[in-house]
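# build the 3D model from these lines:
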Amino acid sequence: MKPKSLFVGLVALSLSACQTVTGSGNTLWPETTSRAFIPDRTQTQTLLSALPSPDRPVAVAVYGFSDQTGQFKPTEAGQTLSRAVTQGGASILVKALQDAGNRQWFTIVERESLKNLLNERQIIREMRERYLGEKDLNPQALPALLFAGVILEGGVVGYDTNTVTGGAGAAFLGIGGRTEYRQDTVTVYLRAVSVRTGEVLTTVTASKTIASQSIGANAFRYIGFKELLQAEAGYTTNEPDQVALQQAIEKAVHSLVLEGVELNLWKFASPGAGDPLLSQYRQERDGRIDSDKVAEALRNAPPMAPQKIKRTASADADDGNPGRRKRERVNN
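Now for the predicted structure:
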C-alpha cells in the first residue's frame, strides 16, 4: 500500500471512530443518552446533606431570588434577548434549603406563589360553605397558614465573562492541533432578615467559576500531485451555567447555616458535632485575608493630610481671659 493511501486511511478511520458514541464511554466524544435522567449530586449538595442536626428547625420564607445582573446572553451573531443567568434562582434556593441537614434545618413556607395559594384556600372556603353549609370555617379542615420568623433575600449580583482566557496550538507541515479555554464567574449574595424587628441578621456570599474548553486538530497538506488532504476534528465542553449557579447558592446556604451558628442565631443539637465544620469555615472565610499584605499596604500608604483647625467665632473673641475660651473644633 502506498504511504499516501495508508495516511488517508488512518485519518478516515480516526474520524469515523470519533463519531461513534457507545455506552462504554471510552471514546473521544462525551457519552449521550436519549432518556431523561436525574443529575448527579454536586459537591456542595453533599456538604449540605452532611450538616449536623439543628436544635430546632428554623422557619424561613423565600419571596424571590432574582437575577440582579441584568445581563443578556452574548452570541457570535450579537446579543440576544435570552438572559445570561437562569431566572429560577428561587426554586434552586428552596431546594438547597431542603437539602440542608436532610430536611432538618429549615421549615420553608411558600411565598413566591402566595397569590395562587390564597386563591385555592378561598375556593375551599366557598365550596365548604355552599355544599356543607358552613358559615364558620372548620379550623381542622383548613388550618391557619404557617408564618416565618426569618426571610431569606438576595440574588445573583455578578456574572463576569472571560475572567480567564487562554489556549495553545502548534502545527507542522500542515498538521496541527489547538486547545482553548475560558472561565466565567457567577456570584450570589444571601441575607437573613428578622421578621419581628426587620434587622439584617447576617449576609453571606459565594462564587463559582464556569469553565469552557475546546480541543481540535486539523490537517491540510498535499500528499501527492494534485491530491490535497484536508481533515478537521474536535469537540467543546461547556459547564452548564445552571449547575454553577446551583453550586453557588448551595455554598451560600451552607455558609449561612455556619454563620448563624457562630452568631448564636441558631445552634446545633450537639454543639461538639459542628466544631470541625465551624473551624473549617473560619479558615476558608478568614484565610483570604493575608495579614502580611495588609501590614505592608499600611506601611506603604501615603501619610495622612494634616488636620485643619478652625476656631469658632466665640473662641476668636478674646475677652482677656484665655481660660474662658471655648475649645477649638477640629475639622477633618
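# ok, which stretches of the stretch 201-332 of the chain are strands?
Secondary structure of the stretch 201-332 of the chain (DSSP state E, counting those that start in this stretch): strands at 227-238, 308-310, 329-331.
# least reliable of those by average pLDDT, please.
Least confident of those, judged by mean pLDDT, is strand 329-331 with a mean of 38.
# dump the residue contacts of the residue positioned nearest the centre of the chain.
Among the residues of the chain, Ala248 comes closest to the average C-alpha position under CA atoms, centre = their mean, at 2.6 Å. By CB atoms under 8 Å, 6 or more residues apart in numbering, Ala248 lies in contact with Val186, Thr187, Val188, Ala206, Ser207, Lys208. C-betas here are computed from N, CA, C, even on glycine.
# in terms of pLDDT, where does the fourth one sit?
Right, the one you point to is Ala206. 93.
# over to Glu239?
Note for Glu239: predicted pLDDT of 86.
# that older thread, between which two of the contacts of Ala248 is the distance greatest?
Pairwise distances across the contacts of Ala248 (CB to CB) peak at 9.3 Å, for the pair Val186 and Ala206.
# what about those two, which has more around it?
Neighbours per residue (other CB atoms under 10 Å) separate Val186 from Ala206, with Val186 holding more: 25 against 20.
# quick one: the more buried one is in a helix?
No: counting by DSSP: H, G, I helix; E, B strand; the rest coil, Val186 is not part of a helix but strand.
# okay but it is in contact with Leu245, surely?
Yes: taking contacts as CB atoms under 8 Å, Val186 lies within contact range of Leu245: 5.5 Å.
# identify the contacts common to those two.
Counting by CB under 8 Å, 6+ apart, the residues touching both Val186 and Leu245 are Val85, Val156, Lys208.
# quick one: neighbours of the residue lying closest to Arg282 once chain neighbours are set aside, just the number.
Leaving out its chain neighbours, the residue that sits closest to Arg282 by CB to CB, 6 or more residues apart in numbering is Glu262, at 7.8 Å. Residue neighbour count, defined by other CB under 10 Å, stands at 15 for Glu262.
# please apply the same query to Ile124.
The local packing of Ile124 (other CB under 10 Å) involves 12 other residues.
# and what about it, helix, strand or coil?
For Ile124, the assignment made with three-state DSSP gives helix.
# contacts only, for it.
Ala141, Leu142.
# longest helix anywhere in this structure?
Among the segments of the chain that qualify as a helix by DSSP state H, the longest is helix 241-262.
# per-residue pLDDT of the residue nearest to the centre of the chain, please?
pLDDT, Ala248: 94.
# excluding its backbone neighbours, what's nearest it?
Excluding the flanking residues, the one nearest Ala248 by CB to CB, 6+ apart is Lys208, at 4.1 Å.
# is the one you found bridged to anything, and to what?
According to DSSP bridges, the partner residues bridging Lys208 are Val186.
# check contacts around it.
Here Lys208 is in contact with Thr185, Val186, Ala244, Leu245, Gln247, Ala248, Lys251 (CB under 8 Å, 6+ apart).
# in PyMOL, select just the buried ones from those.
Buried residues among the contacts of Lys208 (16 or more other CB atoms under 10 Å), as a PyMOL selection:
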select buried, resi 185+186+244+245+247+248+251
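# going by distance to Glu199, which of the contacts of Lys208 wins?
For those, the nearest to Glu199 is Lys251 (24.1 Å; CB to CB).
# what pLDDT is listed against Leu28?
At Leu28, pLDDT is 49.
# tell me the one of the contacts of Lys208 nearest Leu277?
Lys251 (13.3 Å).
# ok, that closest one to Val156 distance?
13 Å (CB to CB, to the nearest Å).
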